[in-house]
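[1] quick one, fold the following:
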Amino acid sequence: MVVGVIAWELEIFGCHSLKEKRSVIKSLKDRLHERFNVSVAETGHQDLWQRAELTAAVVAGERRHAESVLERVDRLVAAEARARIMDSYRTFY
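    Below you'll find the predicted structure:
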């Protein structure tokens, strides 16, 4: 069993309140969960309007499968028009 974790430091565009930021983050989290069945949480910068840290985790039988899922998850986040990836990292357990 392998647990893959990916985290992103995001800049959120056009937000002028925490409510607007939560809308963007919730939409992204919901799409990631529905499309890839990964667990996603906002893990940092909850009090900033235009910054967010998101972390996603997947459990797989093989590392190769976990890597594949995290690669597709990363592409979806990178394609998000309302956010820009400032930094990211992956790790496997």
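
[2] so for stretch 14-24, what gets flagged as buried?
    Judged by neighbour count (16 or more other CB atoms under 10 Å), stretch 14-24 contains these buried residues: 15, 21, 24. In this view, the C-beta of every residue, glycine as well, is placed from N, C-alpha and C.

[3] mind putting these in TSV, distance to Ala83, secondary structure and pLDDT included?
    TSV is the format used below for the buried residues of stretch 14-24 (distance: CB to CB, whole Å; DSSP: H, G, I helix; E, B strand; the rest coil; pLDDT from 0 to 100):
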residue	distance to Ala83	secondary structure	pLDDT
Cys15	10	coil	88
Lys21	10	helix	94
Val24	7	helix	94
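
[4] quick one, what contacts the residue nearest the centre of the chain?
    Centroid-nearest residue in the chain: Leu54, 4.4 Å away (criterion: CA atoms, centre = their mean). Contacts for Leu54 (CB atoms under 8 Å, 6 or more residues apart in numbering) come out as 7-8, 10, 25, 28-29, 40-43, 77.

[5] buried stuff in the helix or strand hosting it?
    Secondary structure assignment for Leu54, by DSSP states H and E: strand 51-60. For strand 51-60, a neighbour-count test (16+ other CB under 10 Å) marks 51-58, 60 as buried.
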